[in-house]
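sequence plus the predicted model coming up.
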Amino acid sequence: MIQGICFDLDGVLVQTDNLHYLAWKGLADRLGIPFDRAQGDRCRGISRMESLEIVLEHTDHIYSAEEKERFAQEKNETYRAMLARLSPSDLPADVLPTLRELRRRGYRLALASGSKNAGLILTRTGLRPLLDAVADGTCITRSKPDPEIFLTAAQMLDLSPQACAAVDDAVAGVQAGRAAGMVTVGIGDSARRSAGDYNLMCFGQLLDLFLQPDFKSNLRM
Ligand code: G6P
Ligand code: MG
């Protein structure tokens, strides 16, 4: 029986995936390094420092660990300045009604995001009260595709991973959910790549998926 749903944040509950891209692009432009959307897609789900390595892949310049630390900090400051302007109106229209209906139907909902900025985003968008548990980048030592974040979220919900579904827009995120033993639902980029066990074109389709009378019993258990 699926009793819990563990959601990624950036690119699933809110379009902050685009803000990550714009903040990395700003850094790359300043350094004169080409960086495009396809590279941005490869940054989905992975850590800040791993993303920086993708940003730096089209330069021959060797940067020191200290310089890389400063670049990551610079990107994060740009990103947080963008987050400071977020408001509930930035949530896709189907997110709040979908989360409310899933809760009404008895599903327990958790965040499973590798971001250390998740708390700020949940506060700015008003999402926090709709979640039963929050696992974010401050709770883990290994980023997706390692299963740690999804295992932590399931534990916080007091459910076994097999009783949970993982919803993620990143291929690395879907891999993490699968490695945790969860049913996986791809959305956005991961859905376009058919990475999930189920692949959805928009968030609202979660209702069709999870409210099918036979959905719970049909899933692998
Ligand atoms: C999420 C995003 C990644 C980001 C990571 C760390 O997984 O999908 O693009 O690199 O969080 O985010 P942070 O906000 O801590 O830099
Ligand atoms: Mg994401």
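Received, thanks. Ligands and ions are numbered 1, 2, ... in the order given.

return the residues of the chain in contact with ligand 1.
With C-beta under 6 Å from any ligand atom as the criterion, the chain meets ligand 1 at residues 10, 20, 43-48, 51, 76, 113-117, 137, 170. Where you see a C-beta, it was placed from the backbone N, CA and C, and this is true even at glycine.

quick one: buried ones out of the residues you listed?
The neighbour-count test (16 or more other C-beta atoms under 10 Å) marks 10, 20, 43-48, 51, 76, 113-115, 117, 137, 170 as buried among the residues of the chain next to ligand 1.

determine which two of these are furthest apart.
Farthest pair in those (C-beta to C-beta) is 76 and 170. Separation: 18.7 Å.

per-residue pLDDT, residue 68?
What the model reports as pLDDT for residue 68 is 98.

identify the residues contacting it.
When contacts are counted by C-beta atoms under 8 Å, 6 or more residues apart in numbering, residue 68 touches 49, 52, 56.

list the contacts of the residue in the chain that ligand 2 sits nearest to.
Closest residue of the chain to ligand 2, C-beta to the ion: residue 11 (3.7 Å). Neighbouring residues of residue 11 by C-beta under 8 Å, 6+ apart: 17, 44, 169, 170, 187, 188, 189.

and ligand 2, which of these reach it?
169, 170 (C-beta under 5 Å from the ion).

quick one: which of the contacts of residue 11 has the most company?
Sorting the contacts of residue 11 by how many neighbours each has (other C-beta atoms under 10 Å) puts residue 170 first, at 29 neighbours.

got phi/psi on that one?
phi -100, psi 140 (degrees, to the nearest 10).

is it true that residue 88 touches residue 125?
Yes. Here residue 88 reaches residue 125: they are 5.5 Å apart, a contact under C-beta atoms under 8 Å.

hmm, back to that, please, a PyMOL command that selects the buried ones among the contacts of residue 68?
Restricted to buried positions by 16+ other C-beta under 10 Å, the PyMOL selection for the contacts of residue 68 reads:
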select buried, resi 52+56
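
can you list the contacts of residue 68 in CSV and add distance to residue 213 and pLDDT?
Output for these, formatted as CSV (distance: C-beta to C-beta, whole Å; pLDDT from 0 to 100):
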residue, distance to residue 213, pLDDT
49, 45, 98
52, 46, 98
56, 50, 98
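
could you pull out the helices for this structure?
With DSSP state H as the criterion, the chain has helices at 16-31, 37-42, 48-55, 65-83, 95-104, 118-125, 148-157, 171-180, 189-192, 205-210, 215-218.

ok, so of the contacts of residue 11, who is nearest residue 147?
Closest approach between those and residue 147, by C-beta to C-beta: residue 170, at 13.6 Å.
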